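**Q** A predicted structure for the sequence below; I have some questions about it.
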Amino acid sequence: MYKYKYVKTRGDSFFDVSEDHREIIDKYSKEGWRFVSAIPVDFSLSGVIETFDLVFEKECEE
């Protein structure tokens, strides 16, 4: 069985390029989490992704 962690982060835009998502993925991978996917959560009126959830999983012992 796996447990999941969802970390909300903001999307990149044309004028505000951020590498925040890379730092988050690196941080959680060092803690034993595996990056699974990025799910768009909020969009601007023009369709740009404003925030998304980074999904991580870790096998749990039962």
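**A** Everything's here; your move. Numbering: from 1, shown residues only.
**Q** contacts and neighbour counts: CA atoms only from here.
**A** Fine.
**Q** check which helix or strand covers the most centrally placed residue in the chain.
**A** The centre of the chain sits closest to Leu54, judged by Cα atoms, centre = their mean, with a distance of 1.8 Å. Per DSSP states H and E: Leu54 is located in strand 49-59.
**Q** how much space between Tyr4 and Ile49?
**A** 22 Å (Cα to Cα, to the nearest Å).
**Q** cool, and Ile39?
**A** From Ile39 across to Ile49, the span is 10 Å (Cα to Cα).
**Q** Which one of those two is surrounded by more residues?
**A** Using other Cα atoms under 10 Å, the more surrounded residue of Ile39 and Ile49 is Ile49, with 17 against 14.
**Q** mind listing what Asp53 touches?
**A** Listed by Cα atoms under 8 Å, 6 or more residues apart in numbering, the contact set of Asp53 reads Tyr6, Val7, Lys8, Thr9, Ala38, Ile39, Pro40, Val41.
**Q** And Lys5, by the same measure?
**A** Residues in contact with Lys5, defined by Cα under 8 Å, 6+ apart, are Val55, Phe56, Glu57.
**Q** in which helix or strand would I find it?
**A** Here Lys5, judged by DSSP H and E, is contained in strand 2-10.
**Q** Tell me what angle that strand forms with strand 49-59.
**A** For strand 2-10 against strand 49-59, the angle by axes from the mean of the first three to the mean of the last three Cα atoms, to 10 degrees is 160 degrees.
**Q** Closest one of the contacts of Lys5 to Tyr28?
**A** Tyr28 has its nearest neighbour among the contacts of Lys5 in Phe56, at 7.8 Å by Cα to Cα.
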